[in-house]
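Visitor: next input, structure requested:
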Amino acid sequence: MKAAVLRSPGDVFKGPLDIVEVPKPQPAAGQVLLRVRACGVCRTDLHVVEGELPPVRQRIVPGHQIVCDIVDGATNEHPLGSRVGVSWIAGVDGTCPYCRRGLENLCDSPVFTGYTVDGGYAEYALARADFIFPLPAALDDLHAAPLLCAGIIGFRSLRVAGVEPGDHVGLFGFGASASLAIAVLQAWNCKVYVSTRGASHRQLAISLRADWVGSEHEKPPVQLDRAITFAPSGDVVVAALSSLRKGGVVAINAIHLDRVPQFDYDSLLWGERQIRSVANMTREDARDFLALAGRIGIKPRVTVFPLDRANDALAAVKKDAIDGAAVIVPGA
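Guide: The predicted structure follows:
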């Protein structure tokens, strides 16, 4: 099969992925073999490919937003030919204190798709049968792919922030994940305030009917009940915190953050304001979000890249050269 293989982390603008022929994987007990229909490109892929997440294998096939068909290893729950999705969490141990508390996203020994096991920048992939998700028929392949991490983790961010219907919610940064979260917030009758650096991202937020849109230097016109930061910047966290009402919450949706600068406790954190981090997702998050996405018809903007151009897809995401999401399609 054809796959995009990372042998050594490097600058995505220098083409670190090799497009090569490799053996088709064979499923072990408890695994399914999947034919990849589409694979969304996530910013976490950039952290893997460029080495911001330390390498854990000598070679890896990235990609963890996989829309696929089961071609081997079918189960009663997931018959042969079923269309399913695969996300970032590829497996947990099920026995650590966090798993036993129902917090599998904090598992001490997790496995990650496209990082510790091969992912979806390929024609075929393997997955644990208990970590795949049926996809609603209302979601086609291209538009389902970005939902499988950016959408799920954005949904979990709203949960971590404690968003309630009718809240005033700030989204700081407006890439793929935030552009999906806004649809959920609107379904919950929330007012949405977007602060983001890129002019094209501000235009996207306007087109998606955000209630207010400003630059990274502008402050929302109201005090926010909740805020979610999507940029890997500590400065953005402080900007979000400065926009909260007393008792408000900032949820940091980032697997990597550059730093958190000093800030004034008395004016920014006092008053029972809170800062929370968002770590991974659970299977419950995935099932709940995908069902909701099917009901409300979330349809992200996508740009398609063939597998041969996987490096170009990563470069486009890094440059913010596309609105919405990049999706790699093996047969394109």
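
Visitor: which helix or strand contains residue 71?
Guide: strand 65-72 (DSSP states H and E).

Visitor: what about the strands in the stretch 1-150 of the chain?
Guide: Listed from the start of the chain, the stretch 1-150 of the chain has strands (DSSP state E, counting those that start in this stretch) covering 2-6, 17-21, 31-41, 65-72, 83-86, 89-91, 111-112, 124-128, 133-134.

Visitor: what angle do the second one and strand 2-6 make?
Guide: The one in question is strand 17-21. Relative orientation of strand 17-21 versus strand 2-6 (axes from the mean of the first three to the mean of the last three C-alpha atoms, to 10 degrees): 150 degrees.

Visitor: now find how far off-centre strand 17-21 is within its chain.
Guide: Here the centre of strand 17-21 is set off from its chain's centre by 24 Å, with C-alpha atoms, centre = their mean, to the nearest Å.

Visitor: what's it in contact with?
Guide: 1-7, 49, 62, 121, 307-308, 310-311, 314 (C-beta atoms under 8 Å, 6 or more residues apart in numbering). Yep, even glycine has a C-beta here, placed from its N, CA and C like the rest.

Visitor: report the lowest-confidence entry in these.
Guide: Confidence by pLDDT is poorest for residue 7 among these, given 94.

Visitor: my guess is it contacts residue 58, does it?
Guide: Yes: the pair residue 7 and residue 58 passes the contact test of C-beta atoms under 8 Å, sitting 7.2 Å apart.

Visitor: residue 193 and residue 281, how far apart?
Guide: Per C-beta to C-beta, to the nearest Å, residue 193 is found 24 Å from residue 281.

Visitor: before we move on, the earlier item: tell me the most buried of the strands of the stretch 1-150 of the chain?
Guide: Comparing the strands of the stretch 1-150 of the chain by mean neighbour count (mean count of other C-beta atoms under 10 Å), strand 31-41 ranks first with a mean of 26.

Visitor: relative to strand 2-6, how tilted is it?
Guide: Relative orientation of strand 31-41 and strand 2-6, computed by the same axes, to 10 degrees: 70 degrees.

Visitor: partners of strand 31-41 in the sheet?
Guide: As defined by DSSP bridges, the strand partners of strand 31-41 come to strand 65-72 (antiparallel), strand 124-128 (antiparallel), strand 325-329 (antiparallel).

Visitor: could you list the residues in contact with the longest one?
Guide: The one in question is strand 65-72. Counting by C-beta under 8 Å, 6+ apart, 27, 32-42, 78-87, 113, 119-120, 124-125, 127, 132, 135, 141, 144-150 sit against strand 65-72.

Visitor: I'm done for today, thanks for sticking with me.
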